[in-house]
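Novice: Model the structure of this input:
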Amino acid sequence: MEELRERGFGVAAISYDSEAVLADFSQRRGITFPLLSDDDSEVITEFGILNTVAAEGRGPNADDPDVIADVARYVSVFGASPAIVGTPYPGTFMLDRNGRVTSRFFEEFYRERNTTANVMLKLGVGLSPVAAIRGSTAHLKLIAYPSNPNVTVGTRFSLVVEIEPNPDIHVYAPGAEAMGYRVISLNLAPVPHVRFEPVEFPASEIYYFEPLDERVPVYQSPFTLLQEAVVSASEEAEEALAQLDALTLSGTLDYQACDDELCFEPVSVPLSFTLDLDLLDRQRANR
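Specialist: Below is the predicted model of the structure:
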């Protein structure tokens, strides 16, 4: 929160819960930013995110298989209840100082949530790295870190690799594989209950290799790779992760570097990240 404030950002959460429920929740969780009660769903409706599936799950078609599937995806895996009617589809809006929405982040499954740090990374305003791994090879320097030091079921976060090629060195960007070159890649080993999204690559530049009269997409200046990951929010995952204290993700950064005259042997740099596992509020109570 302090870092966000220093960068000029404010934070508030809007919920369908009553003031009493929010007061109790904020006290138990040590929340210091405003929690606003929208118990008549007025603001939720104005923002166009009223969860109509919740009411449908309590209506005359509640036993329809399609409605049941929608309820599990957009309302609750435990089924619709009267208390959920009026709630929003959960997500994050970014507003400017004039109250204009500049970006938004929503998920297909109500239990998957972007972290604040991940949102900031996607907006190009990264927060201070935590648990960073710093290293170098003969061709580049790198800093690797997770967007968040701790995660829980449904957390959408990122693994970040900041890369700075050495002077007169380039590595290959997407598109170069069509010309027979090895694109730099972050390859993570499969982990139970974690889904990895495709790596997000920044814009590259075209390198002209005169001896072969080739124009190839490369990275020569510092750049960043983002690997988004999502911790499963299924009931099975929730039960399994409740038995763990940490989650370890490991893999390699693979690349082939070249200079203006020759290409070097491929390199594989091992990387490993250990993240603490938090329990959801109801998990904490049950445990």
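
Novice: now the residue in the chain sticking out farthest from the centre, what's its secondary structure?
Specialist: Among the C-alpha atoms of the chain, the one most distant from their mean position (C-alpha atoms, centre = their mean) is that of residue 211, at 42.3 Å. Classification of residue 211 by DSSP: H, G, I helix; E, B strand; the rest coil places it in helix.

Novice: Show me how the chain divides into domains.
Specialist: 2-110, 133-286 (automatic domain parsing).

Novice: I'd like the average pLDDT over the longest one.
Specialist: Averaged across domain 133-286, the pLDDT comes to 91.

Novice: cool, and the first one?
Specialist: For domain 2-110, the per-residue pLDDT values average out at 90.

Novice: ok, now how distant is residue 57 from residue 132?
Specialist: Using C-beta to C-beta, to the nearest Å, residue 57 is found at 44 Å from residue 132. For every residue, glycine as well, the C-beta is placed using N, CA and C.

Novice: got it, and residue 164?
Specialist: The gap separating residue 164 from residue 132 is 14 Å, by C-beta to C-beta.

Novice: same thing with residue 152?
Specialist: Distance from residue 152 to residue 132, by C-beta to C-beta: 22 Å.

Novice: For the residue nearest in space to the middle of the chain, give me its contacts.
Specialist: The centroid of the chain falls nearest to residue 157 when counting by C-alpha atoms, centre = their mean (2.9 Å). Shown in contact with residue 157 (C-beta atoms under 8 Å, 6 or more residues apart in numbering): 115, 117-118, 146-148, 151, 228-229, 231, 275.

Novice: Please list only the buried members of those residues.
Specialist: Buried by 16 or more other C-beta atoms under 10 Å: 115, 117-118, 146-148, 151, 228-229, 231, 275, out of the contacts of residue 157.

Novice: which of the residues you listed lies closest to residue 193?
Specialist: Of all the buried ones among the contacts of residue 157, residue 193 sits closest to residue 231, with 6.4 Å by C-beta to C-beta.
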